[in-house]
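> Fold the following.
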Amino acid sequence: METPGPADSSYAFGNDAPEAADRHVQLAALLDEFTISRLSALGDLTGRRCLETGAGGGSVAAWLAEAAGPAGRVLATDVDTQHLPAPAPYEVLRHDLEREPVPDGPWDVIHARLVLMHLPSREAVLRRLAAALAPGGALVVEDFETTFRKLVLAAPTMHAAALVDRYHVLLVERVLAAHGNDPAWAGRVPAAMLEAGLTGIDTVIHARSWPGGTAGALLIGANLAQARAGFLAAGMTRAELDELGRLVHDPRLLVRGHLTYSTIGRAPTPCDAC
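Numbers count the residues shown, from 1 in each chain. Sure, this is the predicted structure:
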């Protein structure tokens, strides 16, 4: 693997790009059901104070707002909040999680999905999030683990399978790496939570297959559209990118969604020391 140069800390898939809205739609279809099952496992959230970081299109923040009810509080943050609906059933704050303090809590639930893997100072950010929890509060970190290959489960041709595999390698090793992404971070989150003093660490790993024309395959197309210049710089040709753009709509293609690690850790309570 070629050693990448110095990382650019800016996000490879920023909200300011016109393709960002499509990515939010595909990611919600890809992950919301799993995320909601994990948040539901925290118990009754009525009246709880919830912080949704990197809120994107706001689908999880909207679910939290309904779960917390009028007696609760939900704050959705992002470095660029333009894709959050207005008005929204939750508070909205333009916020840089890496460079600014965690918004004032304490928080009963903090959720970060596909956020920390992109931040070079992810360990420090996790510690700050853990410190912002109320006693017994839960930090839920969900990130892709992208070092595992074998993305293609079926394809119309061997060439098509090889092209998707090439896309995945370049995405992980060149395009995202150039922006400070850590493809193995998700597997280190449990240890990082323990080091931050959290307890009851629980990780569930999720993935499923997606045929062409559905969210898991269409996310590839959204990535290609938004990071086209990065893929060209990494060595893909315009013809290859155009072919991939058509392939992700082909129902004969079957891809595996990235392994999603969902890790929950809780802040200690006074009773923990009893």
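
> Tell me how far the closest residue to R174 other than its chain neighbours lies from P190.
Closest residue in space to R174, ignoring its immediate chain neighbours: A234 at 4.0 Å, by C-beta to C-beta, 6 or more residues apart in numbering. Heads up, the C-betas are built off the backbone N, CA and C, glycines and all. To P190, A234 is 31 Å away according to C-beta to C-beta, to the nearest Å.

> cool, and E145?
Using C-beta to C-beta, one gets 12 Å for the distance from E145 to P190.

> Could you do L126 as well?
Separation of L126 from P190 (C-beta to C-beta) stands at 11 Å.

> C50 too?
Counting by C-beta to C-beta, the gap from C50 to P190 is 22 Å.

> sorry, back to before: so L126 and P190 - more neighbours on which side?
The neighbour count for L126 versus P190, taken as other C-beta atoms under 10 Å, is higher for L126 (25 against 18).

> Tell me which other helices or strands the helix or strand containing the more buried one touches.
Per DSSP states H and E, L126 falls inside helix 122-131. Packing partners of helix 122-131 (3 or more C-beta pairs under 8 Å, 6 or more residues apart in numbering; DSSP states H and E): strand 133-145, helix 189-195.

> what mean pLDDT does the shortest one have?
In this model, helix 189-195 has an average pLDDT of 98.

> And the contacts of that helix?
Here helix 189-195 makes contact (C-beta atoms under 8 Å, 6 or more residues apart in numbering) with 116, 123, 126-127, 130, 139, 141, 143, 201, 203, 261, 263, 265.

> what's the following helix or strand after it?
Next along the chain after helix 189-195, taking DSSP H and E as the criterion, comes strand 199-206.

> neighbouring strands for that next one, and are they parallel or not?
strand 259-266 (antiparallel) (DSSP bridges).

> Report the backbone C-alpha coordinates of the helix holding L126 in CSV.
What follows is helix 122-131, C-alpha atoms only, in CSV (Å, rounded to 0.1, in the frame of the first residue of the first chain):
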residue,chain,number,x,y,z
ARG,A,122,-10.8,11.4,17.4
GLU,A,123,-9.4,10.0,20.7
ALA,A,124,-9.5,13.4,22.4
VAL,A,125,-13.0,14.1,21.0
LEU,A,126,-14.2,10.8,22.5
ARG,A,127,-12.8,11.7,25.9
ARG,A,128,-14.5,15.1,25.8
LEU,A,129,-17.8,13.5,24.8
ALA,A,130,-17.5,11.0,27.6
ALA,A,131,-16.8,13.8,30.1
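
> Tell me what angle that helix forms with strand 259-266.
When axes from the mean of the first three to the mean of the last three C-alpha atoms, to 10 degrees is applied, the directions of helix 122-131 and strand 259-266 differ by 40 degrees.

> thinking again about what came up before, what would the helices and strands packed on helix 122-131 look like in a markdown table with distance to L219?
Below are the helices and strands packed on helix 122-131 laid out as a markdown table (distance: least, C-beta to C-beta, whole Å):
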| stretch | distance to L219 |
| --- | --- |
| strand 133-145 | 11 |
| helix 189-195 | 22 |
